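Engineer: what's the 3D shape of this:
(chains A and B)
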Number of protein chains: 2
Amino acid sequence: MSFSSRIDVQFRIPYSYPVFLTDGLFSAPGISGNGENLSAAEYLKTQKNSVADLIVDEGVVAKVPDRLQAFKSFFEIEDALVLTGGEAIKEQPDIVDKLHQRWLGKELDRHKQVVIIGGGAVLDAAGFAASLFHRGMGHIRMPSTVLAQNDAGVGVKNGVNKFEQKNFVGCFKPPTAVINDYQLLSTLEDQDFYSGYAEAVKVALIRSPAFYSWLTHNSEALASKKPEQVKYLIALCAQLHLNQISQGGDPFEEGSARPLDFGHWLGHRLEVLTNHQLTHGEAVAIGIASDTALSVELGLLEAEHLNQVVSLLRGLKLPVFHELVSAACETPQSESFLKLYKGLEDFRQHLGGQLSIELLKGLGKGFAVNEIKPEQVLSAFRRVAGLC
Amino acid sequence: MSFSSRIDVQFRIPYSYPVFLTDGLFSAPGISGNGENLSAAEYLKTQKNSVADLIVDEGVVAKVPDRLQAFKSFFEIEDALVLTGGEAIKEQPDIVDKLHQRWLGKELDRHKQVVIIGGGAVLDAAGFAASLFHRGMGHIRMPSTVLAQNDAGVGVKNGVNKFEQKNFVGCFKPPTAVINDYQLLSTLEDQDFYSGYAEAVKVALIRSPAFYSWLTHNSEALASKKPEQVKYLIALCAQLHLNQISQGGDPFEEGSARPLDFGHWLGHRLEVLTNHQLTHGEAVAIGIASDTALSVELGLLEAEHLNQVVSLLRGLKLPVFHELVSAACETPQSESFLKLYKGLEDFRQHLGGQLSIELLKGLGKGFAVNEIKPEQVLSAFRRVAGLC
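Structural biologist: Sure, this is the predicted structure:
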C-alpha cells in the first residue's frame, strides 16, 4: 500500500425520469380510450408504495368540487395539504420548515416521495423542501398551468425566494416523474392560459424553425384554445425544453450560458417593476419582442422578422409592449431607461460577470451574444414602440 | 414533427474533485521541499479569481495567533468569518440564513466559491449554505480534524440538524477541492485526535485486510502521534472512503445500503444519549466493538477476532465500552436495553423500512446483514462486557 499526495475523485450520476402527457387521468385513469392515461396510470401504480404525501395548489381544486377527492382517492392519501399557490408561496419564509415539520410528523424517510399538483411556484417550493428532506426525498410533479407544463415544471430546478431575490436558494434535483394532465388546465383564467404560450414562442424562436412555422399557422386555433393544438404546443415546447436539459451538455447549469433565457432579462425586470401585475408569460412576451428587435439592431436579423414575431405574439393574445418600455425610450442616461437596463446588469452579475444573452440570427435559430451597448437596447425599445 | 405521450429524460452529471494531502501549506506553500504543498498551492492559484469568502472554525485559530492572518493572506480575503465549531453550529437555526445574508452583502454569485477551514460540523453547515446559494455556489474544504480529514470531510454530503435530528436537511454536493493539511491538526486536543482513528479502524475492518494489519503493527506509533504514521493513516482512510464514493456505484446514496456505517447505529445512539459527551469517534469505537461482537454472535466471525479488534481500539486510545452498554446487559425488554436498541430501529426507518447493517465476515471484509434480533444484540453487548 502506498499513498499519493493527490487523490482524484471522479464519478457520474445518471438521472432519468419519464414525462407523461395525459388528459383526464383522474377521471378515467384506465378505461379511457387513450393509451396516454393508461401508461401513466400503470407507471403510478409502480410508485404507489413510496408515495406518502400529496400537496395540492388551491387554484387547481377551488373551482371543481370533486377534484381534490379524486386526487386523494387516486393516490390513496387522505390528508392532502392544500396550499395557496402563486409567487407568494415562494416568498413565505417558513414554507420549507412547515413542510418539513409535516413530513417529520408523518415519519417519512428519504425513500418515500411526495406528489405535487400545482403551478410553477408550488412545484418549486414543495419540490425544494422535498429535495432537502433527509438529503433528498423524491417528488412527482403534476404541473397545472400551461406555463408549468411546457417549461420549468418539467425541468430539474427547485427553489424559493429570499431577501427579495427570486430563487435565491434552491437546488438542481430532477423529479421522479412528471405528469402533464391536460384536464388540469380547465380552470385556468384566460390571462394565465395565454401566458403559457410565451415560452413556446421563445423556444421555437431559438430552437426550431418548424415549430415556429407551426405556431404561425395555428395561432388562431391556439387563440381559441382548441385542445388538439394546445396539447401539441405543450408537448413540443416541453420536448424542446427537455432536449436542452438532456442534450445541451449542461443540465445543472455549471457554465455561464443560459440558452433558454431569450427574452428573459427584460421579462424578469418588468415582473419585478410591476409587482407581478404582469404574469411571467406576459413579461416574457414583451421581452421576446424587445430581444427580437435587439437582434435586428445588432444586424443579426432582418427588420421584417420583427414584424412577424410581433404579429405572432399578438395573435396568441400576448402583449408586446408596456408603458415602462415606452417611458424608457429617452436617453441611455435617463432614469426610466436605466431602471429597465438594470435587468441586463443583473443577468451579467448572475452569470458571474461575463454576459451571455441569447438572441436570434433567424426565426428558429438562437445565437449567444456577449456584448450589448445601452444605445442598442434603447434603439430596440424604439423599434418595438414604432410598431405599437 | 410528431409527439409521443411519454418523453424519457436521461442525462448524466460528471463530478470530479482533487483531494490534496499537504503539510504546512500556509507557512510554506511554494518553497517547502515537499511537492504536495507545491501542487496544492498551484491548484489554488487557478481558483484564486473565484474564491470570494473564507469561513474559519474558531478552534483552528484560537491557539495559534498568526494562523488566521496566514489564511487571510494566502486567500487574499481580509474579512474572513470565524465561527464557533462543533455540533452546536449545525443546531443553530439561522446559520444558513446568516451565511446567505453575508454572501448577499458581498454580492457573490454562483460562479464564486468559498473556502471553509474547520471541523466536520463547520464544513457540513457552511458547505450546505453554499450549496443552496443561487442554486449552488462551489466550496473548497480544508478539514481541520483527523476525523474530517479521513472521513466525511473529504466526501460529498452537506447538511444541518433540525427538529433535534442529525442532518435532517441537507444535500449531496461535491466540493470543488479538498485540502488535507497536516499542520491544521497541531492544536487538536488528545480526545479529538484519537477519535479520528475510529473511522480508520472501521474502514479497514470492512474494506482492507492490509490496512487493518498495518494498523495493528503501527498502533504504538499512532498512539504517540508519530507524524509519518498519522499521515499514512489519514491518507489511506480517506482513499478508502473516496473509493466507496467513486467506485461503490451509489455516491449519492439512492439505494438502501449504507456500507460505510459499520459501528454507527450504536455510535449515533450513544452520542445522542450522552449529549455528545462522547465524541463521534469514541461512540463509533464503542459501536465497532459491539458490531464486531454481533458479527461473532451471528456466526460470521471467530470469537478470537473480537479480542483482536478490542485490543487494537484500546491500543489506539479509544474506548470500547460504556456504562450505558453495561446497563443494557439485562433483558431484551428492559428499558435500558431498548434505549440503545432504538438506534437500530432509527436506522431501519432512515433506510425506508428495510434494514441493512454492515457487519464483518472477516477482519477486512464487510458483509451486509438484513435481519438482526434483539437477543443477538444483547448477547453481543454481553460479549464485550465480558472483555472489560
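
Engineer: what's the burial count for the closest residue to residue A:153 other than its chain neighbours?
Structural biologist: Take residue A:153 and drop its neighbours on the chain: the residue closest to it by CB to CB, 6 or more residues apart in numbering or on different chains is residue A:143, 3.2 Å away. All C-beta spots, glycine's among them, are computed from the backbone N, C-alpha and C. Residue A:143: 31 surrounding residues under other CB atoms under 10 Å in any protein chain shown.

Engineer: tell me the phi and psi of residue A:143?
Structural biologist: Residue A:143 has phi and psi values of phi -70, psi 140 when expressed as degrees, to the nearest 10.

Engineer: Without its sequence neighbours, what residue ends up closest to the most centrally placed residue in chain A?
Structural biologist: With distances taken as CA atoms, centre = their mean, residue A:152 lies nearest the centre of chain A, 2.8 Å away. Of all residues not flanking residue A:152 in the chain, residue A:120 sits nearest, at 5.5 Å (CB to CB, 6+ apart).

Engineer: where does the one you found land on pLDDT?
Structural biologist: pLDDT for residue A:120: 95.

Engineer: Distance check, it against chain B.
Structural biologist: 15 Å (CB to the nearest CB, to the nearest Å).

Engineer: all helices of the stretch 1-150 of chain A, in order?
Structural biologist: Remark: helices assigned in the stretch 1-150 of chain A by DSSP state H, counting those that start in this stretch are A:35-47, A:58-61, A:67-75, A:88-91, A:95-105, A:120-132, A:146-150.

Engineer: distance between the fourth one and the chain's centre?
Structural biologist: Okay, so that is helix A:88-91. Computed by CA atoms, centre = their mean, to the nearest Å, the chain-centroid distance of helix A:88-91 equals 16 Å.

Engineer: list the contacts for residue A:151?
Structural biologist: Counting by CB atoms under 8 Å, 6 or more residues apart in numbering or on different chains, residue A:151 touches A:120, A:196, A:199, A:203, A:237, A:238, A:241.

Engineer: Any idea how many residues pack against the first one?
Structural biologist: For residue A:120, the neighbour count with other CB under 10 Å is 24.

Engineer: pretty sure it is touching residue A:145, no?
Structural biologist: Yes. Residue A:120 lies in contact with residue A:145 (CB atoms under 8 Å); the separation is 6.7 Å.

Engineer: residues shared between the contacts of the two?
Structural biologist: Going by CB under 8 Å, 6+ apart, residues that sit against residue A:120 and also against residue A:145 are residue A:153.

Engineer: average pLDDT for the longest strand anywhere in chain A?
Structural biologist: Identified as the longest strand of chain A according to DSSP state E is strand A:6-22. Averaged across strand A:6-22, the pLDDT comes to 96.

Engineer: likewise stretch A:173-187?
Structural biologist: Computed over stretch A:173-187, the mean pLDDT rounds to 96.

Engineer: how long is that stretch from one end to the other?
Structural biologist: 29 Å (CA to CA, to the nearest Å).

Engineer: so how far is that stretch from its chain's centroid?
Structural biologist: Worked out by CA atoms, centre = their mean, stretch A:173-187 lies 12 Å from the chain centre.

Engineer: Most proximal residue of the stretch 251-388 of chain A with respect to chain B?
Structural biologist: Nearest to chain B in the stretch 251-388 of chain A, going by CB to the nearest CB, is residue A:352, at a distance of 3.0 Å.

Engineer: same deal with the stretch 1-150 of chain A?
Structural biologist: residue A:111 (2.9 Å).

Engineer: Excluding covalently adjacent residues, which one is nearest to that residue?
Structural biologist: residue B:352 (2.9 Å).

Engineer: Run a quick neighbour tally on that neighbour.
Structural biologist: The local packing of residue B:352 (other CB under 10 Å) involves 18 other residues.
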